[in-house]
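Trainee: Would you be able to build a 3D model of this:
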Amino acid sequence: MTTTTLAVLVPLLPFLGALAGLLLGRTAPGFVRPLAVLPTLASLALAAAVAWRQGGGQAVDAATELTPTGSVPIELALHIDGFAALTAVLVTAVAGCVQIYSTGYLRDDPRYPSYAALVSLFTSAMLLVVYSGDLMVLLVGWEVMGICSYFLVGHYWETPEARAASLKAFLVTKLGDVPFLIGLFALATEAGSFRITRILGAVANGGIEHPTLIALLLLAGVAGKSAQFPLHTWLPDAMAGPTPVSALIHAATMVAAGVYFIARLLPLFEASQAAMVVLAVMAAVTMAGSALAALAQDDVKRVLAYSTIGQLGYMTGALAVADRDAAVFHLLSHGAFKALLFLAAGVVIHAAGTNSLAAMSRMGHLRDRVPDAYWTMTVALLALAAIPPFSGFFSKEAVLGAAEHVVTGHTGHAPAAAGWIVLLAGLVTALLTAAYATRLWLLAFRGHGVEAPDHGRQPLTMTTVLWVLAVPSLALGGFAFRVLPDWFDGHDLAPTLTTSVLGTGVALVGGIITYGTWRHTTAHAAARVPLGAVAAHPEGDAGRVEAEAIATHEPAYGDIAYAPDPSDPGRLLLGPLHRHAAAGFHLDAVYTTLFVRPVRAGASLVRFLDREVVETYVRGAGTLPRWLGAAVRRAQTGNLQTYVSALLAGTVVLAVAAVLVATGA
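Mentor: Residues are numbered from 1 along each chain as shown. Coordinates of the predicted model:
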């Protein structure tokens, strides 16, 4: 079987699994779980085979024209280089883990068949984006992911939070997709093709006349899809969906698509110095702002959501300094430990039985309850904090090293301003990342909450997946920085001494300060007193517990309610900034003031004009015919004598008129 055939089957198998799952979900429920898991695992095996055959060598290209367009042709094309081959392995591996994990996490959910089918369709769409060699075909996968995220984030549609979050995710990403689509058309018009290879050839030959405008239009879509400032606000709210969905979106699909897209077309962005600086500023604001917001969140999943935004900022920062090797390296590394973090958080939710998603201030005694989640989440948090020798250290140092090379003049593919912006923001974010990772670990596993009722041992499918993902989170970086240059552009990914010392140093400082603050606040915290007993949480699976959490938002832990944890180090570290950081720096309120309220005011004005002006005119235009009709209707009495009298009267009038006319003549 040829490599092209194998590559076609990689996205096709999850799509067929999704289709079969939707058709058989009601009639043959016993096939739902195999149809969810087996096609994804088969796709993983095929993606690994494609990567093995491609081997980081010459790209695999194949194309067939879909239909004549009369102008710029649209082709069903494959373009599989080292980036695409390894990214596809990541997508299928994470999707397979999510599907296996979900069989236990949502085992009693009545809507599991549609959920599993949508996850498979989501996976297929992302794989189409990864392998596609034509931008219009890539756009199909891009948009299918958007609609899948709408349904999956709104899985618990009974709750207003889930409905609002799904709608917000859809609308905010669509806001970025409008200029993105315009940019694609402009790019294809100037290049004469939607084929990625031909577009890159046109860029190399100077055939793109407006690279800055096109790059900025495309960047708007990337900011929406990859949750970068200022279109990042949808991602924290998307935590209203099931935790496995969060793992899939954050680790391998949706948000990774934007970073991957820029990596595909990086020479286009390099052709515009202004676009590179804008990309660097966007990355810097995203990194630092999201890290501050993560330090103030109480819910585990929202901490991880803001963490994803920040780590994506590192990836876009690497692209801003023209090093897509470092960007994709961090994409692969982040995919492993972020999937592990979310799935471990799901185990914590299952064990805690909280009536608030996973509020750290109300947790306690979970270390012994969930040892699998404790140890694997510790590994993932160390990777997130970029502590050597965990994978996050090597990939994050590759980003900082790339920025340092630009600053010191070792590469001229990016402006020096972009290098300084990314380097300084990256170091600040490394400090804050270690701080909120330490805070999460302390509050989640060493908090002082009262032990919740035991909700039973977690399913084996959930805990096994954690240990599978812990392996790359621990060991991926140690050899990947030596191997990946042969698969990518050949850039050196080895950690440099300067950034390694600085990055690790600030990370250790952030962790130590947070730990010391936690010890201080713990020693001076007042004893936690129950605010009052609430009804004990019934036994149930994690998905239903999570749905009830979203619906109630009650400050309850098990069967006891508590005030906010006074030992939270985030409050002391951030000080007056804490309230603003917890609210995401009120960016949603800013959008409401600048956009939502004016639109609503405009809609109210249009409604007033429609009802009071247009409808009044229409009603007035119909008044005269209505009056005439009423007069005519009254003449139609149905009385024969009245009709004869009117006839005679008319005859007399006509006769008199005739006589008068004759006399006058």
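Trainee: Please name the nearest non-neighbouring residue to residue 344.
Mentor: Residue nearest to residue 344 in three dimensions, not counting chain neighbours: residue 377, with 4.0 Å by CB to CB, 6 or more residues apart in numbering. (C-beta placed from N, C-alpha, C; glycine too.)
Trainee: And the pLDDT for that neighbour?
Mentor: With respect to pLDDT, residue 377 has a value of 94.
Trainee: Could you export the one helix or strand it maps to as PDB, CA atoms only?
Mentor: Secondary-structure assignment from DSSP states H and E places residue 377 in helix 371-384. Taking Å, rounded to 0.1, in the frame of the first residue of the first chain, the C-alpha atoms of helix 371-384 are listed here in PDB:
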ATOM      1  CA  PRO A 371      -2.500   8.300  43.700                       C
ATOM      2  CA  ASP A 372      -2.500   7.800  39.900                       C
ATOM      3  CA  ALA A 373      -3.700  11.300  39.300                       C
ATOM      4  CA  TYR A 374      -1.300  12.700  41.900                       C
ATOM      5  CA  TRP A 375       1.800  11.200  40.500                       C
ATOM      6  CA  THR A 376       1.000  11.700  36.800                       C
ATOM      7  CA  MET A 377      -0.200  15.300  37.400                       C
ATOM      8  CA  THR A 378       3.000  16.000  39.300                       C
ATOM      9  CA  VAL A 379       5.000  14.900  36.200                       C
ATOM     10  CA  ALA A 380       2.800  17.000  33.900                       C
ATOM     11  CA  LEU A 381       3.000  20.100  36.100                       C
ATOM     12  CA  LEU A 382       6.800  19.800  36.200                       C
ATOM     13  CA  ALA A 383       6.800  19.600  32.400                       C
ATOM     14  CA  LEU A 384       4.500  22.600  32.300                       C
END
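Trainee: Okay, angle between the helix or strand just after it and helix 371-384 too, please.
Mentor: The helix or strand immediately downstream of helix 371-384 is helix 391-407, counting by DSSP H and E. With axes from the mean of the first three to the mean of the last three CA atoms, to 10 degrees applied, the angle from helix 391-407 to helix 371-384 works out at 10 degrees.
Trainee: Give me the contact list for the helix holding residue 377.
Mentor: The contact list for helix 371-384 (CB atoms under 8 Å, 6 or more residues apart in numbering) reads 307, 311, 333, 336-338, 340-341, 344-345, 347-348, 351, 366-367, 390-393, 433, 437-438, 440-441, 444-445, 458, 463, 466-467, 469-470, 473-474.
Trainee: Among the residues you listed, the buried ones, what's the ChimeraX command?
Mentor: Restricted to buried positions by 16 or more other CB atoms under 10 Å, the ChimeraX selection for those reads:
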select :307,311,333,336,337,338,340,341,344,345,347,348,351,366,367,390,391,392,393,433,437,438,440,441,444,445,458,463,466,469,470,473,474
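Trainee: Next step: the contacts of helix 371-384 restricted to helices.
Mentor: The members of these that map onto helices under DSSP state H are 307, 311, 333, 336-338, 340-341, 344-345, 347-348, 351, 391-393, 433, 437-438, 440-441, 444-445, 463, 466-467, 469-470, 473-474.
Trainee: What about residue 42, how many residues nearby?
Mentor: Residue neighbour count, defined by other CB atoms under 10 Å, stands at 17 for residue 42.
Trainee: Now do the helix or strand hosting it: everything it contacts.
Mentor: Per DSSP H and E: residue 42 is located in helix 32-54. Applying CB under 8 Å, 6+ apart, the contact partners of helix 32-54 are 3, 6-7, 9-11, 13-14, 16-17, 20-21, 24-25, 60, 80-82, 85-86, 88-89, 91-93, 95-96, 99-100, 102-103, 112-113, 116-117, 119-120, 123, 127.
Trainee: got the CA positions of it in CSV?
Mentor: Provided in CSV are the C-alpha atoms of helix 32-54 (Å, rounded to 0.1, in the frame of the first residue of the first chain):
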residue,chain,number,x,y,z
VAL,A,32,-20.7,2.5,20.0
ARG,A,33,-17.5,2.1,22.1
PRO,A,34,-15.7,-0.1,19.6
LEU,A,35,-16.6,2.3,16.8
ALA,A,36,-15.3,5.2,18.9
VAL,A,37,-12.0,3.6,19.9
LEU,A,38,-10.9,1.2,17.2
PRO,A,39,-11.0,3.5,14.1
THR,A,40,-9.0,6.1,16.0
LEU,A,41,-6.4,3.6,17.1
ALA,A,42,-6.2,2.2,13.5
SER,A,43,-5.7,5.8,12.4
LEU,A,44,-2.9,6.2,14.9
ALA,A,45,-1.2,3.1,13.5
LEU,A,46,-1.5,4.4,10.0
ALA,A,47,-0.3,7.8,10.9
ALA,A,48,2.8,6.2,12.5
ALA,A,49,3.3,4.2,9.4
VAL,A,50,3.1,7.3,7.2
ALA,A,51,5.6,9.1,9.5
TRP,A,52,7.9,6.1,9.4
ARG,A,53,7.9,6.1,5.6
GLN,A,54,8.2,9.8,5.3
